[in-house]
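Novice: dropping the sequence and predicted coords here.
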Amino acid sequence: MSKRLADLDPATVPGVRGRLALDDFARLFGTPADAILPELKAEIAARDFRYVVLEGEMRDRTLLDVFQTIDSGTLSKAGSAGKARWDKGWSENLEAFVASGYDLKALVPKYIRPRQPVRLDQHYVLPVNPAFELDWYEIFRPWFLGTYLEPFDCVFEFGCGSGFNLAALAQCAPGRRYVGLDWAAPSAEIVNRMAKHFGWRMEGRVFDFFHPDATLDVPANSAFLSIGALEQTGRDWGAFLDFVLAKRPACVFHIEPILEWYDPANLVDYAAIRFHEVRDYWRGYPDRIAALARAGRAEIVKQKRSYFGSLFIEGYSQLIWRPLS
Ligand SMILES: C[S@@+](CC[C@H](N)C(=O)[O-])C[C@H]1O[C@@H](n2cnc3c(N)ncnc32)[C@H](O)[C@@H]1O
């Protein structure tokens, strides 16, 4: 992001002012408001979710900045060439985690960027709170995991990165078994160290979406989870999908950006489509799941566009499905 955007001061930016309230969260999550637990309702009320909708010149500046970034030729691409980048990133988190004496805050990934406009309901909005996106995620994640993962005995997170989602899960349900999988060895190392330090039933394993480990043991009543991870497979998610169909977990949960759910006639969405394309993020997967459902090989449980995301994409769309025999 350019300095111009980082310098925007929400107090002086003109535009309609708003604040995400309980009903907004319920709408964005695709759930009735009364299904959100009281402690999360209290967090929604306590945290600062105020924002200004960027309009006119401010919206133009944001769009210009976004398209200049897209066209800069500096964006890294998803796919096998990116492995060294992930190895390096997660080894930095591993080092910081150990150096901090196992402070879970050291696991927050650096790509959740503070102090920048975010996307909301097909607009750019400038948050008052620099940590708006992370705060939003800290409401979304316990809601999602608490709502959907409760019934399962074992949760496999594929592309688990720093392990901060697994840590959140284990803090709520420490008795359950967790497996964190990622192609970056430092990621598996973080998960194994967390397991040892906190006494969680958790193991880290090296796993590659492009060459899934067919020997992986998947117990009955397991859930498969991916969060912003399968996005990294471009058009090459087929081997992983075959693996899922063969292992037949009880349910599969994806929290990912979904290219097909944007509206190309909306400029803010179009910018997300271009970003998604330039980075070679995944495409085609929802259509394949829909085809499997038509063929009686899958049941689609939920499809919900997030209508919220970072400056560049909506990374929190929900696709939940079950493989059928
Ligand atoms: C954007 S990060 C998301 C990490 C984590 N799920 C989270 O929510 O913070 C993408 C993750 O996918 C992993 N990844 C990318 N390509 C992969 C592949 N081919 N096989 C396994 N993991 C992969 C990266 O190492 C990284 O941990």
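Specialist: Looks like it arrived, so ask away.

Novice: use CA for all of it now, contacts and neighbours both
Specialist: OK.

Novice: thought C251 was touching A220?
Specialist: No: counting by Cα atoms under 8 Å, C251 does not reach A220; the two are 10.8 Å apart.

Novice: neighbour-wise, which of those two wins?
Specialist: More crowded of C251 and A220, by other Cα atoms under 10 Å: C251, with 23 against 13.

Novice: where does that one land on pLDDT?
Specialist: If you check C251, the pLDDT there is 98.

Novice: any idea how far it lies from the ligand?
Specialist: In this view, C251 and the ligand are 17 Å apart by Cα to the nearest ligand atom, to the nearest Å.

Novice: and that residue, backbone torsions?
Specialist: phi -160, psi 150 (degrees, to the nearest 10).

Novice: could you point out which element follows whichever strand or helix holds D65?
Specialist: In the assignment (DSSP states H and E), D65 maps to helix 56-70. Following helix 56-70 in sequence order, the next helix or strand is helix 83-99 (DSSP H and E).

Novice: can I get that following helix in PDB? Just the C-alpha atoms.
Specialist: Extracted in PDB, the C-alpha atoms of helix 83-99 (Å, rounded to 0.1, in the frame of the first residue of the first chain):
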ATOM      1  CA  LYS A  83       7.400 -22.500  -1.100                       C
ATOM      2  CA  ALA A  84      10.600 -20.800   0.000                       C
ATOM      3  CA  ARG A  85       8.700 -17.700   0.800                       C
ATOM      4  CA  TRP A  86       6.400 -19.600   3.200                       C
ATOM      5  CA  ASP A  87       9.300 -21.500   4.700                       C
ATOM      6  CA  LYS A  88      11.000 -18.200   5.500                       C
ATOM      7  CA  GLY A  89       7.900 -16.500   6.800                       C
ATOM      8  CA  TRP A  90       6.900 -19.300   9.200                       C
ATOM      9  CA  SER A  91      10.500 -19.800  10.400                       C
ATOM     10  CA  GLU A  92      10.400 -16.100  11.500                       C
ATOM     11  CA  ASN A  93       7.100 -16.700  13.400                       C
ATOM     12  CA  LEU A  94       8.700 -19.900  14.900                       C
ATOM     13  CA  GLU A  95      11.700 -17.900  16.100                       C
ATOM     14  CA  ALA A  96       9.600 -15.100  17.500                       C
ATOM     15  CA  PHE A  97       7.200 -17.600  19.200                       C
ATOM     16  CA  VAL A  98      10.100 -19.400  21.000                       C
ATOM     17  CA  ALA A  99      11.900 -16.100  21.800                       C
END
